[in-house]
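[1] Generate coordinates for the sequence data below:
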Amino acid sequence: MAPKRPLENEETTSPPRKQRGGFKVGPDNLPDGTWRRKVIKIKKDLIHKAKVKKSYAKIKAQELSTITEAAVSSEVSAAAPAQELHPERQAMLDAPREDTPPPRTSQSFPSRQTTEKRRNKKPGYFEKEVAFAERKKQEQEERRKEFERREKEKKEKIEERERFRKAMAKARTGGRNGQRKLGRESKVLLERVQKLVGGS
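    Modelled structure (predicted):
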């Protein structure tokens with residue numbers, strides 16, 4: 001079937017639009033409680049922010065219009081012919097000034113180094129923190145050196161002990177007749193005694 005044609009006497013206007021009910025933040029069927037209050041709070045915050053934005057845009061537009069009006073009026077006044085100055089004022093402007101400062105000598109100019117120092121000197125926002133970091137770094141370096149010194153001492157003692165053990169083992173091995181080498185053993189023991197006496 002063909003679609004019906006509208007009658008000529010009927011108005012061919014579109015049906016009235018439905019009025020929108022605003023925007024929605026959360027579901028409609030939330031029960032009263034924490035969630036519903038949170039949704040309502042979010043919605044109020046959004047509405048408030050939108051109003052603030054709108055008022056800010058209005059104020060900004062007003063400011064821009066006043067600025068443009070002021071710029072146009074200043075251009076118009078600049079384009080207008082300049083008025084002549086009063087003869088007395090003109091004379092005052094033409095007269096040499098008496099309170100002009102004396103010409104600068106080479107001594108009055110600051111040296112190049114001081115100006116560079118001033119220019120290169122940055123404000124010390126973090127001077128305390130930098131000093132603290134430096135102190136920490138120094139302490140860490142001292143600890144590292146102390147650790148290395150102790151490790152070196154430990155290594156030397158271990159090497160000396162090993163050397164002494166080898167020397168004693170050599171001295172204790174039997175000689176030609178299976179006898180101990182007392183001369184060698186005594187040298188090693190004397191060395192050890194001297195170190196103990198010298199150390200304490």
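
[2] List the first helix or strand encountered after the helix-or-strand element of the chain with minimal mean pLDDT toward the C-terminus.
    Sorted by mean pLDDT, DSSP states H and E, the helices and strands of the chain end with helix 112-120, the least confident at a mean of 63. Remark: after helix 112-120, the chain's next helix or strand is helix 127-172, criterion DSSP states H and E.

[3] gap between the very next helix or strand once past that following helix and the chain center?
    Where DSSP H and E defines the elements, the next helix or strand beyond helix 127-172 is helix 182-199. Here the centre of helix 182-199 is set off from its chain's centre by 64 Å, with C-alpha atoms, centre = their mean, to the nearest Å.

[4] Stretch 128-142 too?
    20 Å.

[5] Dump that stretch to PDB, restricted to CA.
    Output of stretch 128-142 as PDB, limited to C-alpha atoms (Å, rounded to 0.1, in the frame of the first residue of the first chain):
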ATOM      1  CA  LYS A 128      70.400  23.000  52.800                       C
ATOM      2  CA  GLU A 129      69.500  19.900  50.900                       C
ATOM      3  CA  VAL A 130      72.600  20.200  48.800                       C
ATOM      4  CA  ALA A 131      74.800  20.600  51.900                       C
ATOM      5  CA  PHE A 132      73.000  17.700  53.500                       C
ATOM      6  CA  ALA A 133      73.600  15.600  50.400                       C
ATOM      7  CA  GLU A 134      77.300  16.600  50.300                       C
ATOM      8  CA  ARG A 135      77.700  15.600  53.900                       C
ATOM      9  CA  LYS A 136      76.000  12.300  53.300                       C
ATOM     10  CA  LYS A 137      78.200  11.700  50.300                       C
ATOM     11  CA  GLN A 138      81.400  12.500  52.300                       C
ATOM     12  CA  GLU A 139      80.300  10.100  55.100                       C
ATOM     13  CA  GLN A 140      79.600   7.400  52.600                       C
ATOM     14  CA  GLU A 141      83.100   7.900  51.000                       C
ATOM     15  CA  GLU A 142      84.700   7.700  54.500                       C
END
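
[6] average pLDDT for that stretch?
    Mean per-residue pLDDT for stretch 128-142: 92.

[7] Buried residues in it, which are they?
    For stretch 128-142, the neighbour count (16 or more other C-beta atoms under 10 Å) marks no residue as buried. For every residue, glycine as well, the C-beta is placed using N, CA and C.
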